[in-house]
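Colleague: Sequence first, then the predicted structure, then my questions.
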Amino acid sequence: MTLPEKKVEIAIIGGGPAGLMAAEVLASSGKAVHVFEAMPTPARKFLMAGKSGLNITHSEPLDQFLTRYGTAMDVVGAAVKAFTPDDIRTWTDGLGTPTFVGSSGRVFPEVFKGSPLLRAWLARLAAQGAVLHTRHRWVGWRDGAHLFDTPDGTLKVHATATLFALGGTSWPRLGGNGNWMDAFETAGIPLAPFRPANCGFNYGWSEYLTGRFAGEPVKNVLLSHAGQTVQGDFIVTKHGIEGSSVYALSASLRDTIERDGKAILNIDLTPDRTAKHLAGALTRPRGKKSFATHLKRATGLTGVKAALLRELLPPATFDAPEKVAAGIKALPLELTTTRPIAEAISVAGGVRFDAVDEHLMLKTLPGQFVAGEMLDWEAPTGGYLLTACLAEGRQAANGMLRWLKRD
């Protein structure tokens with residue numbers, strides 16, 4: 001059966017931040033851009049992230065900012081240096097969405113949500129002539145063309161240049177499901193397996209703890225692992241732990257689990273008190289007071305913090321004030337598995353950087369580029385993920401313009 005065909009100059013496959021930013025650069029340069037999005041509407045993960053406040057970038061100095069990309073700092077950093085956090089703030093201003101710096105240094109739109117920014121962005125793309133095709137799911141190549149599943153059947157699209165911005169495998173209900181990996185692997189494109197990033201971890205809590213405290217925040221603690229320490233909060237869940245402080249250490253914890261089969265997360269329940277001070281307070285006679293009352297008066301620990309102490313320290317420890325104090329300052333939580341990748345905020349893995357050139361073009365498929373979370377990099381939360389996706393979209397678009405001028 002002969003498939004219906006379409007010829008386009010530029011195909012952007014994936015309507016998330018990287019794809020839309022590339023579309024803007026290309027459309028503003030006079031190119032005929034077609035954006036193909038699998039979902040009924042574009043940028044669903046972007047909108048979901050913006051529901052509780054769109055953290056679009058971070059205000060810390062650029063040199064420090066770039067270190068957040070770890071082993072991919074050099075390659076991701078090249079894109080970010082060309083489109084910096086300050087450039088992003090100028091860009092959002094141009095879309096009628098000014099930003100502010102929060103107390104943590106994170107940058108948010110003044111309206112806080114992502115939807116006004118996305119509406120203005122899509123309107124500008126439409127005014128520039130970019131065409132958005134929704135419910136077009138890319139399923140592979142045939143005879144050098146792209147195949148899409150659409151509401152009207154399979155469509156064959158020939159493109160002069162293509163950008164893939166299909167995302168990773170976190171939050172698949174929003175569009176990122178990694179279904180493109182089989183086609184890329186078949187095409188011989190080097191891939192790294194996807195792994196959860198900025199993720200929670202499983203732990204087998206007792207029925208008492210989950211029944212009383214599942215969903216409870218553990219506030220103002222220090223979490224430590226492998227020489228890294230983060231101060232903040234985390235959440236006890238029925239499955240284990242999650243929250244921003246856990247996410248900040250998740251890459252190190254995950255890598256240790258993969259290497260050693262387990263990782264120890266140490267929790268300091270009282271960052272403002274020393275072990276010596278705690279031991280002294282716990283050594284005082286408690287009289288007829290219960291241990292829970294004595295613990296509260298001596299250390300200030302109640303509720304979920306006190307429950308964690310009882311959950312994670314051996315019972316015999318509580319006869320020795322010094323050991324209780326040491327446990328309060330470094331309560332060991334042994335982790336052996338992450339939560340499923342579909343629950344992760346982001347992913348590591350994807351198209352390896354040795355598969356693309358300095359312009360993010362696939363070395364084995366000239367004229368076809370990759371950007372965003374399809375590539376093998378990761379970053380903590382705090383605006384670093386979105387910044388890199390936007391910057392890589394621009395980097396790939398400029399690479400496409402350069403490639404189109406090659407003759």
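Modeller: Arrived safely.

Colleague: C-alpha only now, for contacts and for neighbours.
Modeller: Fine.

Colleague: Number of residues surrounding Gly204?
Modeller: 11 (other CA atoms under 10 Å).

Colleague: try Ile13
Modeller: Ile13 has 25 neighbours, counted by other CA under 10 Å.

Colleague: Does it touch Glu37 like I think?
Modeller: Yes: under the criterion of CA atoms under 8 Å, Ile13 makes contact with Glu37 at 6.4 Å.

Colleague: With just CA atoms, put the helix or strand Trp91 falls within into CSV.
Modeller: Using DSSP states H and E, Trp91 sits within helix 85-94. Output in CSV follows, covering the C-alpha atoms of helix 85-94 (Å, rounded to 0.1, in the frame of the first residue of the first chain):
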residue,chain,number,x,y,z
PRO,A,85,20.7,31.6,32.4
ASP,A,86,20.8,35.4,31.9
ASP,A,87,20.0,34.9,28.3
ILE,A,88,17.0,32.7,29.3
ARG,A,89,15.7,35.5,31.6
THR,A,90,16.0,38.0,28.7
TRP,A,91,14.2,35.5,26.5
THR,A,92,11.3,35.1,28.9
ASP,A,93,11.1,38.9,29.3
GLY,A,94,10.6,39.1,25.6
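
Colleague: Okay, buried residues for that helix please.
Modeller: 85, 88-89, 92 (16 or more other CA atoms under 10 Å).

Colleague: mind giving me JSON lines with those residues and columns for distance to Ser28?
Modeller: Output for the buried residues of helix 85-94, formatted as JSON lines (distance: CA to CA, whole Å):
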{"residue": "Pro85", "distance to Ser28": "21"}
{"residue": "Ile88", "distance to Ser28": "17"}
{"residue": "Arg89", "distance to Ser28": "19"}
{"residue": "Thr92", "distance to Ser28": "16"}
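
Colleague: Between these, which sits nearest Ala161?
Modeller: Ile88 (25.6 Å; CA to CA).

Colleague: in the protein, which strand has the most residues?
Modeller: Assignment by DSSP state E gives strand 153-164 as the longest strand of the chain.

Colleague: Now that strand: buried residues?
Modeller: 154-159, 161-164.

Colleague: And for stretch 34-47?
Modeller: Residues 34-39, 42-47 are the ones in stretch 34-47 that count as buried (16+ other CA under 10 Å).

Colleague: hmm, back to that, and the next helix or strand past the helix holding Trp91?
Modeller: According to DSSP H and E, the helix or strand after helix 85-94 is strand 99-101.

Colleague: Quickly run through the sheet partners of that next one, with directions.
Modeller: Take DSSP bridges as the rule and strand 99-101 pairs in its sheet with strand 106-109 (antiparallel).

Colleague: and the next helix or strand after the strand it pairs with, what other elements does it pack with?
Modeller: The helix or strand immediately downstream of strand 106-109 is helix 115-127, counting by DSSP H and E. Helix 115-127 makes packing contacts with helix 17-28, helix 44-50 when contacts are defined by 3 or more CA pairs under 8 Å, 6 or more residues apart in numbering; DSSP states H and E.

Colleague: Now the element after the longest one, going C-ward?
Modeller: Just to be clear, that refers to helix 17-28. Counting by DSSP H and E, what follows helix 17-28 is strand 33-36.

Colleague: quick one, phi psi at the one residue sitting closest to the centre of the chain?
Modeller: The chain has Ser346 as the residue nearest its centroid, 3.2 Å off, counting by CA atoms, centre = their mean. With angles defined as degrees, to the nearest 10, Ser346 sits at phi -150, psi -180.

Colleague: Check the one 3 residues further on too.
Modeller: Dihedral pair for Gly349: phi 100, psi 180, per degrees, to the nearest 10.

Colleague: What's the local residue count around it?
Modeller: Neighbours of Gly349 (other CA under 10 Å): 20.

Colleague: now do Gly240
Modeller: Neighbours around Gly240, by other CA under 10 Å: 20.

Colleague: distance of it from Pro196?
Modeller: According to CA to CA, to the nearest Å, Gly240 and Pro196 sit 15 Å apart.

Colleague: hang on, the earlier thing: which of the buried residues of stretch 34-47 sits closest to Thr338?
Modeller: Closest to Thr338, out of all of those and judged by CA to CA, is Lys45, at 21.2 Å.

Colleague: Now do the contacts for the closest one.
Modeller: Residues near Lys45 by CA atoms under 8 Å, 6 or more residues apart in numbering: 16, 171, 174-175.

Colleague: now the buried residues of helix 85-94 as TSV including distance to Gly53 and pLDDT?
Modeller: Putting the buried residues of helix 85-94 into TSV (distance: CA to CA, whole Å; pLDDT from 0 to 100) gives the following:
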residue	distance to Gly53	pLDDT
Pro85	17	98
Ile88	16	98
Arg89	15	98
Thr92	15	97
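
Colleague: thinking again about what came up before, the helices and strands packed on helix 115-127: lowest mean pLDDT?
Modeller: Lowest mean pLDDT of the helices and strands packed on helix 115-127: helix 44-50, a mean of 88.

Colleague: contacting residues around the helix holding Trp91?
Modeller: 57-59, 62, 98-99, 117, 387.

Colleague: gap between it and the chain center?
Modeller: Relative to the chain's own centre, helix 85-94 is displaced by 21 Å; criterion: CA atoms, centre = their mean, to the nearest Å.
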